[in-house]
Structures are given as structure tokens and as C-alpha cells.
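> A structural model of the following input is requested.
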Amino acid sequence: MITAIVFIQSDVDRIQEVAEAVAAFPEVSEVYSVTGSVDLIAMVRVRAHDELAEVITGRLTKIAGIVHTETHIAFRAYSRHDLEATFSLGLDS
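The predicted model follows:
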């Protein structure tokens, strides 16, 4: 699975509309409204690089209100949440 973190700059008066449109993509697992130099951060998960190109450059960047995007591809995930979920499989709380 390929994970991409997409930084999105949006027209200020369209942030919510853009976030909802991005979140509607099946390949997008989360969209965060954030402080700083970008307005939104989207987590995109696909199986192949070709899919990533289609999602980001083919569809996401065409959403009305998006001014700029910057994409970062994750090499590894270090997540306590993911590790805890893996080791708790089959165990009752």
C-alpha cells in the first residue's frame, strides 16, 4: 500500500467545500483542516503509483477552490496506534 500525504492550499472561503470534496474520494482516508502554510492535509492510500497519479493529478487538483498541492510519499509508517491494533487482534477488551 502506498501512502501519500497531500498538502492542500485552498481559497479561504472554500476550505470546507474543498475538504468535503477531497474526503469523498474513496482513496482518501482522512482530511485534516490545519494551521500553518497549508489549509488541508489529506491522507491518500493506493496500491500502485499509477493510481496515485490518477487520484492526485487526474482528479484532486481539478477540484474548484484548490490553489496548490504538495505531495509527500511515505516510505515507512511508525504508529503506536497501528502497532497496538496489530498486537491486539483476536483479544477481547
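
> as a check, name the ranges of all strands in this protein.
2-10, 28-33, 40-46, 66-73 (DSSP state E).

> pLDDT-wise, which helix or strand of this protein ranks last?
helix 80-87 (a mean of 61; mean pLDDT, DSSP states H and E).

> quick one: low-confidence parts of the protein?
Scanning the chain with the threshold set as pLDDT under 70 gives 81-93.

> could you report the neighbour count for Val55?
Per other Cβ atoms under 10 Å, the neighbour tally for Val55 reads 22. Bear in mind the C-beta positions are built from the backbone N, C-alpha and C, glycine included.

> same question for the one 4 residues further on.
Neighbours of Arg59 under the rule other Cβ under 10 Å: 13.

> what about the closest residue to it other than its chain neighbours, distance to Gly65?
Of all residues not flanking Arg59 in the chain, Phe25 sits nearest, at 6.9 Å (Cβ to Cβ, 6 or more residues apart in numbering). Using Cβ to Cβ, to the nearest Å, Phe25 is found at 15 Å from Gly65.

> also Pro26?
20 Å.

> among the two, which residue is more densely surrounded?
Gly65 (18 against 8).

> I figured Val46 hits Val55, correct?
Yes. Using Cβ atoms under 8 Å, Val46 makes contact with Val55 at a distance of 6.3 Å.

> now the common contact residues for those two.
Common contact partners of Val46 and Val55 (Cβ atoms under 8 Å, 6 or more residues apart in numbering): Glu27.

> contacts for stretch 18-31?
8, 10-11, 33, 39-46, 51, 55, 59-60, 63-66.

> can you flag the buried ones in the residues you listed?
In terms of neighbour count (16 or more other Cβ atoms under 10 Å), the buried residues within the contacts of stretch 18-31 are 8, 10, 39-42, 44-46, 55, 60, 63, 65-66.

> Ile2: which of the residues you listed is nearest?
Val46 (5.3 Å; Cβ to Cβ).
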